[in-house]
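Q: Pasted the sequence and its predicted model underneath.
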Amino acid sequence: MQKKLLIIKKVQVILLIICMTASILSVPLNVSAETEVNFAKALQLSLYFYDANKCGEGITGGRLEWRGDCHVEDKEIPLIPMTEEFIGTNLSQDYIDKYRDIFDPDGNGTLDLSGGMHDAGDHVKFGLPGTYSASTVGWGYYEFRDAYEKVGAKDHVEDILRWFNDFYLKATFLDDDGKVIAYCYQVGEGNIDHNFWNPPELQNSTYLLDFARPAYFATPETPASDQCAGAAASLTINYLNFKEEDPEYAQKCLDTAIALYEFARENRGLGESGGFYGSSYDHDELAWAAVWLNIATGDMEYIDHIVEIDSEGFYTGYMQRIIRDTGNSWQNIWVHCWDTVWGGVFAKLAPITNTERDWYIFRWNLEYWSGIPHENPNDTTFLAQSPAGYSVVNAYGSARYNTAAQLCALVYRKYTDREDFADWAKDQMEYIMGNNPMDRSYIVGYSENCAKHPHHRAAHGSKTYSMLDPEEHRHTLWGALVGGPDLDDFHVDETPDYVYNEVAIDYNAAFVGACAGLYHYYGEELGHKPIENFPPKEEDVEEFLLEAKVEQENKERTQVTIKVYNDTCHPPRFVTGMMTRYFFNISELLDAGQTIDDMTVEVYYDENEASYDGPATLRGPVKYDNSGTYYVELDWTGRTIYGTREIQFALVSSQDSNYNSNWNPENDYSREGLGEEYIKTDKIPLYVDGERVFGNEPLKVIPSPTPTLDPNITPSPTPEETPSLEVSYKVGDAESATKDIWASIRIKNTGKKPVDLAKVKVRYWYTKDSATSQEFMCDYAHMGEELVTSKFVDLETPVENADNYLEIGFTDDAGILGPGANTGEIQFRIIKGDFEAYDSSNDYSYMPDAKEFTENPCMTAYVNSVLAYGIPPVEEETPDIVYGDLNGDNEVNSTDLTLLKRRILRKIDKFDVPDTHGDLNIDGSIDSFDLTIMKRYILRKITKLPIITD
């Protein structure tokens, strides 16, 4: 957008154009076999650029998932004269006071100027390029409406046109008589806006210092007839496009257009440009509005405003700016664009007046652009073309000018049936689509070889205010027409290059209509089709994550640096409630007679405090469970974060009474896996507004309710390869007096590692006799009865003393069973559905003499379906692994794909089946490789799981 600082005045354009004085014939380009030519697709894509440039509310949840509501502060622009900091408006205090009731009917001292379109890759709402774009997109729809309908783009283009023109309606302030008292033509300040290279959702005065969005108005005190006329033209065309299906809305557009046009005629003058988009004069914008008002109303007075002459034949209408008198004519060596819309004026004026003068001006400009010989054989003035035949009027945004000439050529065909100019337009568009020496499409997202680095903040998605970071755009700016090549057919596809790779609403404006015209005359007959289910959904992004590393460590401290990420991009957004917890265990201190009071936490570096809006809050240590686990909280609540933040802290342990240092971080949950370099770790959970968004908390360890080990004896460690459990059993006291099976069990972890109780199953084997239905009752559990689960399973082949079993399990909240710990007593009953008595005497797991807790090897216990205790009455096979079946339904389908994706993104902690079901390449981990394999399996690209790689 820096380009706008160098405005080429209309009167200077002639000096910059390279004209050819020799006769030039337009040579059709030969389309490369690799070039995709699809005018329906191009039309479809071209409109999505405008979705990327919407401003205001109502964007979130729209056609582009990566765009969201932005610049909502435009709803409350202070109604004050502009300060030195560019806060407020260009209105004088006297003018504000005079019309305060109109400007501020609710009396809150602000103006609602939200909505509209960002200009380019920046976020100012500039006047002339905005109204030019709105009117030109509307013009293309007006001329080739059938193309939009057949391609399925009707609703989309109408949404874009309403978005543009609704802002112009809002920005026009009328008195009770319907007369304009002010029109806001610009919101934002270019020199301020360009200091920030970040997505628009993150660009506002709430979070950025020295960021202001002033409003510029046209009034009798500060006339801007060029701006008012541009808006009048757009609103008039909008009336024509909506008058059949929404007559009330259309009439409002027309009434406002007429009021703006009359206001412009009464208050001539040019709007403030600030060095951006400055206009040379207002005659062309006034003529552009007048010709459309004539089409809308049939009133020939509007045409008179353009072409009227005095008694001596001198032009006194708007045409006087380019033609002195009726004895002269004019040759347009430019094209329809934001600063000179004469090309569009004569394209519409010629069919109305049907004069030789107007048809000559319209036709000569197309001859000049195309190289098709002029009617006067002595006229050899043509626009320069590149070696490949691409017409270039200016290398700064060459494609926008070229496509504008194409639109005019196609309109010429509509009103004359002459085909050669339209054929030239077709060749030029095919060049833009990729049939050029660089084999590059200048339409973003159109093909694999398209320009991929447009100069656009939202699509680039930088988190560091740098055009170079990231190297590749986070999002595809679908349908954006980049600046394009120069006269040497050369182009640079780099984000910082705002000459070759600029994108803007005025760049796409005529491009949309040209695509529609080309589809109308060529594409439909050639069978061109739009893309189905467009746009494609972007890959899911891990929006929040955390990395950590160890800075230093010894017997007294662990010093860690944590980096938190707010990587939101669907859409990007600041968060103000980020918090993380670091979990550690002090059992080694407890064993030495120390307490948590011997621990301190020290913060050494806080990036948010050093560079942003204040420090994180440190809390803790906070007790987590009864096994010595604590955590510290690092809380950024109230601080605004996007991107990353680092914080470095240390856990410091004091010495015991014997001056010994007992700190040992090896048992710290959050320390696990950390090294000297940053690594992503899910053992330091991250929270936003109190909800865990990344990582996992440790499961709370359940200590044994009755210690079984002498604390004065240190047992010799015994290596164990698999989890080891012990089940103690006690027959129920009331069993002899009831018809039910009563028993109590207690499960002990006899291994060296903690065991997740959610993965533990215990089976009681017995004969159900004549029972047709059975009920399980948990009468008491030390951990809580609600944490105990059950199911009954019939044996396919009954054996002596067992034809079924009761399987007791535990919920996810049951916690961890630490080494040497037990669950405490669990009392249960098995009840027959018909309330008849069980005969337990022939039951495999029944032990009538176990009046106290006794080991019962006739009950079996399992961890992750692997036998960890007891002897089953039947020969058990290791359960078959159905690779890819992650919900236990013995099928592999899209449900499993979703579960795998959520597991990789850390949305869930585990599957309903062992993790081996999800390890599809047998590499011991569950990651994106497994996701790719499952996708290919579901799509039948592969037919067998797992895939074993070398």
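A: Right, received. Where do you want to start? Numbering: from 1, shown residues only.

Q: From now on I want contacts and neighbour counts done on CA atoms only, so please keep to that.
A: Fine.

Q: can you give me the strands for the stretch 351-500 of the chain?
A: 382-383 (DSSP state E, counting those that start in this stretch).

Q: got it, and the stretch 51-200 of the chain?
A: Using DSSP E, counting those that start in this stretch, strands in the stretch 51-200 of the chain cover 77-78, 110-111, 172-174, 180-187.

Q: Tell me which of these is the most buried.
A: Ranked by mean neighbour count under mean count of other C-alpha atoms under 10 Å, these are led by strand 180-187, which reaches a mean of 24.

Q: now for it, which elements pack on it?
A: strand 172-174, strand 215-218, helix 225-242, helix 247-266 (3 or more C-alpha pairs under 8 Å, 6 or more residues apart in numbering; DSSP states H and E).

Q: can you put the strands of the stretch 51-200 of the chain in TSV and add mean pLDDT?
A: Listed next are the strands of the stretch 51-200 of the chain as TSV, based on pLDDT from 0 to 100:
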stretch	mean pLDDT
strand 77-78	96
strand 110-111	98
strand 172-174	99
strand 180-187	98
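
Q: Show me the one of those that comes nearest residue 251.
A: Of all these, strand 172-174 sits nearest to residue 251, with 15.0 Å by C-alpha to C-alpha.

Q: Counting by contacts, list what that closest one packs against.
A: Going by 3+ C-alpha pairs under 8 Å, 6+ apart, strand 172-174 lies up against helix 100-103, strand 180-187.

Q: rerun that using 7 Å as the cut-off
A: If contacts are counted by 3 or more C-alpha pairs under 7 Å, 6 or more residues apart in numbering; DSSP states H and E, strand 172-174 sits against strand 180-187.

Q: got the angle between the strand it packs on and helix 225-242?
A: 90 degrees (axes from the mean of the first three to the mean of the last three C-alpha atoms, to 10 degrees).

Q: contacts for strand 180-187?
A: For strand 180-187, contacts defined as C-alpha atoms under 7 Å, 6 or more residues apart in numbering pick out 124-127, 171-175, 213-219, 227, 259-260, 263.

Q: Need the helices and strands packed on strand 180-187 in CSV (columns: distance to residue 354).
A: Formatted as CSV, those follow (distance: least, C-alpha to C-alpha, whole Å):
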stretch, distance to residue 354
strand 172-174, 34
strand 215-218, 35
helix 225-242, 21
helix 247-266, 24
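
Q: Pick the most buried one from these.
A: helix 225-242 comes out most buried of these by mean count of other C-alpha under 10 Å, with a mean of 30.

Q: What's the mean pLDDT across it?
A: Mean pLDDT, helix 225-242: 99.

Q: Likewise for stretch 59-73?
A: Rounded mean pLDDT across stretch 59-73 is 96.

Q: buried stuff in that stretch?
A: 59, 60, 64, 65, 66, 67, 68, 69, 70, 71, 72, 73 (16 or more other C-alpha atoms under 10 Å).

Q: my guess is the fifth one contacts residue 541, does it?
A: No - judged on C-alpha atoms under 7 Å, residue 66 makes no contact with residue 541 at a distance of 11.1 Å.
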